[in-house]
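1. mind looking at a prediction? Sequence and model below.
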Amino acid sequence: MKKTLARWAADIWYKEAFHGILLLPLAYVFSDIVRIRRFLYRKGFLTSRTLPVPVIVVGNITVGGTGKTPLVIWLAELLLASGYKPGIISRGYGGQSESWPQTVNEHSDAHKVGDEALLIAKQTRLPVVVDPSRVEAANNLLAEFDCNVILSDDGLQHYKLNRDIEIAVIDGERRFGNGYCLPAGPLREPIERLGSVDFVVVNGDKYADHEITMHLVGDTTINLLTHEQKPLQQFQGLDCHALAGIGNPERFFKLLETNGLSCTTHSFPDHYQFQQHDIEFGDNKPVLMTEKDAVKCTGFAQPYHWYVPVKAVPEPHFGQLLVDLLLKTQAQKI
């Protein structure tokens, strides 16, 4: 049912514009509520929490994945290399823990803390705390760890937490779909919201001069059971399965195709909670998946299951722009 609803929504938002038009009255109500809510926070009628350290929010204005998590990992590495001590917070989307906040490390259970948070912890080995309230996550992070800058994975619309730097990530292929707010389109906030963020990063090719290009690259596969590594090209000429439970599965399938692979593809909704039967196809052919999906499948993987890690590669000047703005932010807090 969830897979069917996800495909239905994607068709309306990105393909069948007519059905989206039928939902426009609801979209207008939604966008008005979003604007009023933001106005109330901006004017102080709704209170936000300001932290003693800079907060960098990496989010988007559309439903579904845009490449935020790989960018958060890249930013964490940039901040470390620049002499900072970053910590990371997340909502822990999909996590089913009975108590919050939760500290995440490489041994955490993705079903409890969420797939993206576990992926970030495994990749960065930095302090990661998840909580549906990002304010509580941030408070716990600062109380338990020595951090002097906080990265928030998602949370652009979580105005209870004040932020010093906002980075909006856009899917360069799908952009804003039909341009409507929910439920008629994929927008969480009107497109005009991008005019108030500090950086607009496009996962793909940019359309405007003020946008910053980012590409996701990956040419290696890792076995879920043995951790053996192989070049992705070694799967050329083999009959393979490819599965993806991310915001835009076609992006992963295109990565494989670009590397010369021909796969039978299987799409799942973002943050899908995989079971063993979801990744078994009865033929023992190689199965390739994203790393985000792999963290939820290691407990029942077979020798023919492989994942393809990807890394974010933004334009070279973006790192310096970000560090310069962070320095200005720190000076203002003193």
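-> It's in. Numbers count the residues shown, from 1 in each chain.

2. what segments of this protein are helices?
-> With DSSP state H as the definition, the chain shows helices at residue ranges 2-14, 17-22, 24-42, 68-81, 110-113, 115-124, 134-144, 249-258, 291-294, 318-333.

3. closest one to Asn178 among those?
-> Closest of those to Asn178 is helix 17-22, at 4.8 Å (criterion: Cβ to Cβ). From N, CA and C alone the C-beta is placed, and that goes for glycine too.

4. what ranges of the stretch 201-334 of the chain fall below the confidence cut-off?
-> For the stretch 201-334 of the chain, applying pLDDT under 70 flags the ranges 333-334.

5. ranges for the strands of it?
-> Taking DSSP state E, counting those that start in this stretch to define them, one finds strands in the stretch 201-334 of the chain at 211-217, 220-223, 229-231, 240-244, 263-267, 287-290, 305-308, 311-314.

6. tabulate the ones you listed (JSON lines), appending distance to Gly95 and mean neighbour count.
-> Shown next, in JSON lines, are these (distance: least, Cβ to Cβ, whole Å; neighbours: other Cβ atoms under 10 Å):
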{"stretch": "strand 211-217", "distance to Gly95": "24", "mean neighbour count": "17"}
{"stretch": "strand 220-223", "distance to Gly95": "24", "mean neighbour count": "17"}
{"stretch": "strand 229-231", "distance to Gly95": "29", "mean neighbour count": "12"}
{"stretch": "strand 240-244", "distance to Gly95": "20", "mean neighbour count": "23"}
{"stretch": "strand 263-267", "distance to Gly95": "22", "mean neighbour count": "17"}
{"stretch": "strand 287-290", "distance to Gly95": "18", "mean neighbour count": "25"}
{"stretch": "strand 305-308", "distance to Gly95": "20", "mean neighbour count": "23"}
{"stretch": "strand 311-314", "distance to Gly95": "23", "mean neighbour count": "17"}
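
7. so which of these is nearest Glu173?
-> Taking the strands of the stretch 201-334 of the chain one by one with Cβ to Cβ, strand 211-217 is closest: 11.8 Å.

8. just checking: what are the partner strands of the closest one?
-> strand 199-203 (parallel), strand 311-314 (antiparallel) (DSSP bridges).

9. any idea how far the shortest one is from the chain center?
-> The gap between where strand 311-314 is centred and where its chain is centred comes out at 13 Å by Cα atoms, centre = their mean, to the nearest Å.

10. tell me which residues are up against it.
-> Outside strand 311-314, the residues that touch it by Cβ atoms under 8 Å, 6 or more residues apart in numbering are 67, 70-71, 73-74, 201, 212-218.

11. check the residues you listed against Lys122 and report the nearest one.
-> Ile73 (9.7 Å).

12. neighbours of the nearest residue to the closest one once chain neighbours are set aside, how many?
-> Closest residue in space to Ile73, ignoring its immediate chain neighbours: Gln123 at 4.8 Å, by Cβ to Cβ, 6 or more residues apart in numbering. Per other Cβ atoms under 10 Å, the neighbour tally for Gln123 reads 19.

13. before we move on, the earlier item: of all the contacts of strand 311-314, which two lie farthest apart?
-> Farthest pair in the contacts of strand 311-314 (Cβ to Cβ) is Ile212 and Gly218. Separation: 20.2 Å.

14. what number of residues lie near Arg134?
-> Using other Cβ under 10 Å: Arg134 sits among 27 other residues.

15. check contacts around it.
-> 89-91, 152, 155, 158, 160-161.

16. how far does stretch 241-254 sit from the chain's center?
-> 14 Å.

17. distance between the ends of it?
-> Criterion Cα to Cα, to the nearest Å; first-to-last residue distance in stretch 241-254 is 13 Å.
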